[in-house]
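K.L.:
3D model of this:
(one chain, ligands or ions: 2)
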Amino acid sequence: ATPTALLVGTGRGAQLGILIRGPEVLESTRRVDTIVLDKTGTVTSGVMTLVEVLVADGEDETQVLRLAGALEHASEHPIARAIAAAAQERSGVPLPVPEKFKALPGLGVEGVVDGHTVVVGRTQPMPEQLAERLAAVAGGRTAIAVGWDGQARAVLVVADAVKPTSAEAVRQLRALGLTPVLLTGDNEAVARAVATEIGISDADHVIAEVLPEDKVSVIRRLQADGRTVAMVGDGVNDAAALAQADLGLAMGTGTDAAIEAADLTLVRGDLRAAADAIRLSRRTLGTIK
Ligand code: ADP
Ligand code: MG
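P.N.:
Numbering: from 1, shown residues only. Ligands and ions are numbered 1, 2, ... in the order given. Below you'll find the predicted structure:
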């Protein structure tokens, strides 16, 4: 394509809510055959709410929320926001400030609150006593264990809705000949429920329980299989994978780290713009080389 055509393509992209890093990006956009979708904040709204609090015998719900909320208040993760907001709302008084705090990306948070060593997230097992109640309420939702002083004591269940445009986006991407793959750090059951909701039914195309640093290996593995891979993400956790992909797409509603690592930004955070970008590149460059 001529430089003029590329510039026109870039300008047309801006009208569609697609910011393109440089005209050369359209070439890699045209070639992708596989599109990896981060779950939280990309396929789903990323706005989580606390829907259930399960506490083990002898534990106090208010105390659970106070300690977990205090720690999560210091984290930016969507799960953290849901827990901190609910804790704040229910306690009515300001949450304590942690004496120590550490974020464990893709796992949770830990620290010291009111003299207790508190952990929130998947670095600890679920309290055994709560297994049955948890199975009844948690199907397709994210369950977060809360413990302190060496003992798991409660489970917080959070839920996040699939964006109304995600299923349509997947349908369009497929119609363009791409293979959509769902990638998440969340558990298998949640990943499968979301995948089904957006029309990804092949279990091989649902990759769950992936640590942030391993998302990039998933991209490399697909590339080693001979695929040309696009990755769509929004989180700090996605930045390395976005950079590794043949084409990185960031949600405009996501973090600066994701936007900086990406080749394209979908300004409105609407996944359908990924299909628009593919169509635009094909139209600009022609489908035949
Ligand atoms: P995704 O890949 O879907 O964007 P992440 O990699 O950010 O998800 O997180 C993966 C999992 O790690 C979450 O489902 C949750 O179980 C746990 N986790 C991450 N951050 C936190 C946190 N701040 N508090 C509790 N759990 C967390
Ligand atoms: Mg995300």
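
K.L.:
domain parsing for this protein?
P.N.:
According to automatic domain parsing, the chain comprises the domains 3-45+161-285, 49-159.

K.L.:
In contact with the most centrally placed residue in the chain, which residues are there?
P.N.:
In the chain, the centroid-proximal residue (CA atoms, centre = their mean) is Thr40; its distance is 2.7 Å. Going by CB atoms under 8 Å, 6 or more residues apart in numbering, Thr40 touches Gly46, Pro78, Asp160, Thr184, Gly185, Asp186, Asp234, Gly235. No exception for glycine: its C-beta is placed from N, CA and C like everyone else's.

K.L.:
one more time with 7 Å
P.N.:
In this structure, Thr40 makes contact with Gly46, Pro78, Asp160, Thr184, Asp186, judged by CB atoms under 7 Å, 6 or more residues apart in numbering.

K.L.:
which ones among these are found in helices?
P.N.:
Where the contacts of Thr40 overlap with helices, as defined by DSSP state H, the overlap consists of Pro78.

K.L.:
so Leu54, which of the three states?
P.N.:
The three-state label for Leu54, taken from DSSP: H, G, I helix; E, B strand; the rest coil, comes out as strand.

K.L.:
Surely it and Ala152 touch.
P.N.:
No - shown here, Leu54 and Ala152 do not form a contact pair, counting by CB atoms under 7 Å, at 11.2 Å.

K.L.:
more neighbours, the two?
P.N.:
When Leu54 and Ala152 are compared for neighbours, Leu54 comes out ahead with 23 against 18, by other CB atoms under 10 Å.

K.L.:
Which residues are in contact with the residue in the stretch 101-250 of the chain that ligand 1 sits nearest to?
P.N.:
Per CB to the nearest ligand atom, Gly185 is where the stretch 101-250 of the chain lies closest to ligand 1, at 2.5 Å. For Gly185, the contacting residues are Gly106, Glu209, Val210, Leu211, Pro212, taking CB under 7 Å, 6+ apart as the criterion.

K.L.:
at 6 Å instead, please
P.N.:
Shown in contact with Gly185 (CB atoms under 6 Å, 6 or more residues apart in numbering): Gly106, Val210.

K.L.:
And the helices in the stretch 151-289 of the chain?
P.N.:
Assigned by DSSP state H, counting those that start in this stretch, the helices in the stretch 151-289 of the chain fall at 166-175, 188-198, 212-224, 239-244, 256-261, 272-285.

K.L.:
Check whether the first one comes near ligand 1.
P.N.:
In other words, helix 166-175. No - with CB under 6 Å from any ligand atom as the criterion, ligand 1 is not reached by helix 166-175; the gap is at least 13.6 Å.

K.L.:
buried ones in that helix?
P.N.:
Burial within helix 166-175, assessed by neighbour count using 16 or more other CB atoms under 10 Å, is assigned to Ser166, Ala167, Glu168, Ala169, Val170, Gln172, Leu173.

K.L.:
again, but for the longest one
P.N.:
Along helix 272-285, these residues count as buried under the neighbour rule (16+ other CB under 10 Å): Arg272, Ala273, Ala274, Ala275, Asp276, Ala277, Ile278, Leu280, Ser281, Thr284, Leu285.

K.L.:
What are the contacting residues of that helix?
P.N.:
Contacts made with helix 272-285 from outside it, assessed by CB under 6 Å, 6+ apart, are listed as 1, 5, 9, 13, 16-18, 26, 29-30, 165, 169, 172-173, 176, 232, 249, 264, 266.

K.L.:
Derive a PyMOL selection command for the buried subset of these.
P.N.:
Command for PyMOL that selects the buried part of the contacts of helix 272-285, burial taken from 16+ other CB under 10 Å:
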select buried, resi 1+9+13+16+17+18+26+29+30+165+169+172+173+232+249+264+266
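
K.L.:
How many neighbouring residues does Ser45 have?
P.N.:
Burial measure for Ser45: 17 neighbouring residues, criterion other CB under 10 Å.
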